[in-house]
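>>> missing the sequence, but the structure's below:
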């Protein structure tokens, strides 16, 4: 549906403002320059990852979250989305036995279910409470017995909910279920301190980290996974045999970024400023919402309860591209996800136009945001690099 909304936004008379992806408007690092500076060697990169990357990842885990991880418990991936999409397949080959089920959040990043389908496995949604937090205790015992692995995402996409990771890890160990923790947004935790499931020990858990969010390097297509060495070691072999490896220049840049806490702090501050401003603008337009516990999205319940219809209205009347909530699970139908990726001066006039279309407040466009005339007709912003969400509709 995203391409449809982009086309509608282009026809709105305004240059599209794309708030459907979690890709900030800031510049990205240059991989080629870093590779040349390091005197990069020819040949295939290692699927496990170069030692410099794995050491940088272990150091970042220790420095940021107080977790010590041995070298054989860390490996590289070609972006966290690639790992998420292939993990169930390789884990089933290695550990499946009679377990044929992947447990996924009720509202979730779509690739968890895609990965299960690629592995030929069934998915079961984990029930949630009224705040969208997982309720593992409500899972039927028959589904738990069949479960090979559980995906947890904290802070969660799309809701921003922070999950009790230690309790989730404990539940997994008690039931013999591998816990896969998607920690792409952990450094964007607003309520409490950033954390990792690895703080509760490595047994039976894997954490996957992205360079796309806090380090804002979605074009690198590199990340890392860490956790139980008994899981990491066979995954490295199976992933290597499948040809899954991060590009050598990207690994070098990622190692540098993992050591750059100032960059993470800067991106975190910019994201929080944009998120707070977006929440204020939406509330000012009569669209009631609260700042999430974490991540970079506003999860907005739409007037009328039809997220797709609301997204079409936003594209048609304001050139705003939003993500309909149903793509994160059927329970998301009444919602849209709005990414805090643009500065307030870009977003404010568009929210005003949307409010006017909803009959909530007059909001004429600012002089710099008027519909294009003959000299600017068809003008749009240049496309930004897409991160792991780039293939979403």
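Happy to help now that I have it. This one's a predicted model, so the numbers in the text were calculated from it and none came from an experiment.

>>> buried set for the top helix by length along the chain?
Using DSSP state H, we find that the single longest helix of the chain is helix 261-284. Within helix 261-284, the residues scored as buried using 16 or more other C-beta atoms under 10 Å are 263-264, 267-268, 270-271, 274-275, 277-279, 281-282. (Glycine included, C-beta is placed from N, CA and C.)

>>> Could you dump those into JSON lines and include pLDDT and distance to residue 94?
Putting the buried residues of helix 261-284 into JSON lines (pLDDT from 0 to 100; distance: C-beta to C-beta, whole Å) gives the following:
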{"residue": "263", "pLDDT": "94", "distance to residue 94": "36"}
{"residue": "264", "pLDDT": "94", "distance to residue 94": "33"}
{"residue": "267", "pLDDT": "94", "distance to residue 94": "35"}
{"residue": "268", "pLDDT": "95", "distance to residue 94": "36"}
{"residue": "270", "pLDDT": "95", "distance to residue 94": "40"}
{"residue": "271", "pLDDT": "96", "distance to residue 94": "36"}
{"residue": "274", "pLDDT": "97", "distance to residue 94": "41"}
{"residue": "275", "pLDDT": "98", "distance to residue 94": "39"}
{"residue": "277", "pLDDT": "97", "distance to residue 94": "46"}
{"residue": "278", "pLDDT": "97", "distance to residue 94": "42"}
{"residue": "279", "pLDDT": "97", "distance to residue 94": "43"}
{"residue": "281", "pLDDT": "96", "distance to residue 94": "48"}
{"residue": "282", "pLDDT": "97", "distance to residue 94": "45"}
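
>>> from the residues you listed, which is closest to residue 333?
Relative to residue 333, the closest of these is residue 282; by C-beta to C-beta it sits at 19.3 Å.

>>> For that closest one, give its distance to residue 141.
Counting by C-beta to C-beta, to the nearest Å, the gap from residue 282 to residue 141 is 42 Å.

>>> In this protein, what helix or strand scores lowest on average pLDDT?
Sorting the helices and strands of the chain by mean pLDDT, DSSP states H and E puts helix 31-37 at the bottom, at a mean of 51.

>>> residue ranges of the helices in the stretch 201-350 of the chain, please?
For the stretch 201-350 of the chain, the helices defined by DSSP state H, counting those that start in this stretch occupy 229-241, 248-258, 261-284, 307-318, 344-357.

>>> Please apply the same query to the stretch 1-150 of the chain.
Along the stretch 1-150 of the chain, counting by DSSP H, counting those that start in this stretch, helices occupy 2-10, 31-37, 51-65, 80-95, 111-118, 141-146.
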